[in-house]
Structure formats: structure tokens, C-alpha cells
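> Next input, structure requested:
(2 chains)
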Amino acid sequence: MLKQYKTSGNGVDFDLIFHDALTIINGESGVGKTVLFKALENDSILGNLDAICLNYDDITSGIIDITLKSAQNKIIIIDNADIILTDEQRFRISTDQDNQYIIFAHSIQGMHPSEKSIAELLVKNNKGKLNYVLL
Amino acid sequence: MLEVYLKDIKHQRFNDVYFNKHMTHIDFDNDDIKKIIQAIDNVKYIGNYRVLSKFEKDTAISVREISTGCKTALNIASFPNEVFSVAECGDNALQVIFNYKRGKILMPMFSIPRLFTNEIKVFTSNEEYIINNHKQLEDILNKVF
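As a prediction, the model looks like this:
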């Protein structure tokens, strides 16, 4: 499991800690959630991070469902989760023992997160980190 | 009056895509629009569909780079006859939206803006309410969710 990761994008340096195989990242609008997602996605494309990154661009291709049904031992990062995940997909994520999920969402409905899963993204002085509000 | 739908209704779900497609129809030179961008994303609109980045000093970026919550708020303000989902809005964006005097939103989740004083109309599956504070909204949401 990925427990710590550092990345940067658009002038922000992120130092991320993960406590659980499921991390749901929320936060105020404009704090930089999509900046972080794009930084992780770019790292994935460049080969620095072995992860599958999904967002609303992937809806029409069907790749979201295929990934959730077939991925094994992967890190799956999902942006726009509030609008792209179905109830069935949320359930699948909540019961998946094989993969690690990093999900950007305001709603935790259907995913049954633990207290180690819910994190708020905070960015101050261009430094971003995850604040686990229930820990 | 802002209309809040808690029941399923035809609506725009993909606010990013809708914004990017229709942004040339948004009046970015309007002071209220500029205030929304400043209030939610804390960035300044500088003209020509550009804002000043809050992360990179003296750098102008496309208005397409503002947050989804901010785009949602601008969609609601600029296209008041469409219903927009606020599922992707943070509390700060919801706070701004709930002080609108017009617009239509679908609220698919339990979230209560801290402070609003305008009258808003709330539609559930079988009732309509006119309310003007968060406590009344909380009571309705408790029944629905």
C-alpha cells in the first residue's frame, strides 16, 4: 500500500500520507483538489507513480467500470467521484480488498469509509497536505 | 428566489463540461460574476477569460482552471432557467449559492450552508416549502435523507 507520496503541480508542493486502502479526499471548492489529481495523473503518465487515474473524461469509454471490475493490486485514483460513480461502483470500492483507492469526493455515501479514510485537503503557503479529520 | 430540488429532476450534472461549453455566454465583466469567482476560489478575474493564479505568482491562467464548485456557482448565476447539481460543491461554494436571489439547483446530498437569509423554495417529492434559514433547511433534509 502507498503510505506516503510527494508530488507537485501548478506551484503547489503536496506531501501526502495515507492510512488506509481507501482515502476519500474532500475540501473546500478552490482549495486545489483537481490540481492534486492532475499532479498525480501526470506522475502516472510519466511513470513516477504506478496508478490508474480516472475522471469524468473516462465516462463515455466505459473504462471506469472495466477498471473497477478487473484491476488487481493497483492504486486507483478517481476525481469527480460525486458524479461519475454509480451506487454499484461505490459498493464495489467499499468491498474491494485488492486495490488501493484515492477518491476525490464530497459525499462518502455507499463507500463505508473508516476514520482513517476521510481526509480534507489543506493548502497553505503553496504546501498541500491531508488532514484526517476523524483521527 | 433560489429553487432547491431534493427530488429527482432533469438537471445538468457535469458542471465542468457545461461551463467549458457555455462560458462565452457568461458575462465575466459583470461585478457580481467577478465577486463570485473571488469569494469561492479567491482569485481575481483579469479579463479575456483569464484569472490570476493563486498558487503561481503573477501568472494568468484560463478561467477553465477555476474549481468545479466555482463553475457550478457561475452556471447557476448565468443560466437561471437550468437546474444544476451542486454535488461537487464545497461548503464555501454552497454558502455563496444559497445567498442567490434566483437560480435552480439539485441538492443530492445532506449539506447545510451555515448562513443564508434570503427566502428559498425547497421542493421534495411531495411538498414545497419556502424557508429562510438553515435550521428550517436542516429539518427538511432530515426528513428526506
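> going forward, measure contacts and count neighbours with C-alpha atoms only.
Fine.
> Show me what from chain B comes close to chain A.
Contact residues, chain B versus chain A (Cα under 8 Å from any Cα of the partner chain): B:13-14, B:40-42, B:55-56, B:66-70, B:87-93, B:109.
> Strands of chain B, residue ranges please.
Listed in chain order, the strands of chain B (DSSP state E) span residues B:2-5, B:45-47, B:50-52, B:60-62, B:83-85, B:104-106, B:120-123, B:128-131.
> Quick one: those as CSV, columns for mean neighbour count and mean pLDDT too.
Output for the strands of chain B, formatted as CSV (neighbours: other Cα atoms under 10 Å in any protein chain shown; pLDDT from 0 to 100):
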stretch, mean neighbour count, mean pLDDT
strand B:2-5, 22, 95
strand B:45-47, 17, 96
strand B:50-52, 20, 97
strand B:60-62, 16, 96
strand B:83-85, 24, 97
strand B:104-106, 25, 96
strand B:120-123, 20, 94
strand B:128-131, 15, 94
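> Output the ones you listed as CSV; include the columns distance to A:F37.
Output for these, formatted as CSV (distance: least, Cα to Cα, whole Å):
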stretch, distance to A:F37
strand B:2-5, 30
strand B:45-47, 24
strand B:50-52, 21
strand B:60-62, 18
strand B:83-85, 22
strand B:104-106, 26
strand B:120-123, 34
strand B:128-131, 38
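> got a list of what the residue lying closest to B:I130 once chain neighbours are set aside touches?
The spatially closest residue to B:I130, leaving aside those adjacent along the chain, is B:K121, at 4.5 Å (Cα to Cα, 6 or more residues apart in numbering or on different chains). Each residue near B:K121 by Cα atoms under 8 Å, 6 or more residues apart in numbering or on different chains is listed here: B:M1, B:L2, B:E3, B:V4, B:E128, B:Y129, B:I130, B:I131.
> out of those, which one sits closest to A:F104?
Nearest to A:F104, judged by Cα to Cα, of the contacts of B:K121 is B:V4 at 24.5 Å.
> Looks like that closest one contacts B:M109 (just checking).
No - contact criterion Cα atoms under 8 Å: B:V4 and B:M109 do not qualify, at 11.7 Å.
> what about B:V63, neighbour count?
For B:V63, the count of nearby residues is 22 (other Cα atoms under 10 Å in any protein chain shown).
> Please give me every residue in contact with it.
Contacts of B:V63 by Cα under 8 Å, 6+ apart are B:Y45, B:Y49, B:R50, B:V51.
> swap the cut-off to 7 Å and go again
The contact partners of B:V63, taken as Cα atoms under 7 Å, 6 or more residues apart in numbering or on different chains, are B:Y49, B:R50, B:V51.
> Now distance to B:G103 too, for those, in a markdown table please.
Below are these laid out as a markdown table (distance: Cα to Cα, whole Å):
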| residue | distance to B:G103 |
| --- | --- |
| B:Y49 | 23 |
| B:R50 | 25 |
| B:V51 | 24 |
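> closest to A:L16 among the residues you listed?
Closest to A:L16 out of these is B:V51 (27.7 Å), distances taken as Cα to Cα.
> who's in contact with the closest one?
B:V51 makes contact with B:V43, B:K44, B:Y45, B:A60, B:I61, B:S62, B:V63, according to Cα under 7 Å, 6+ apart.
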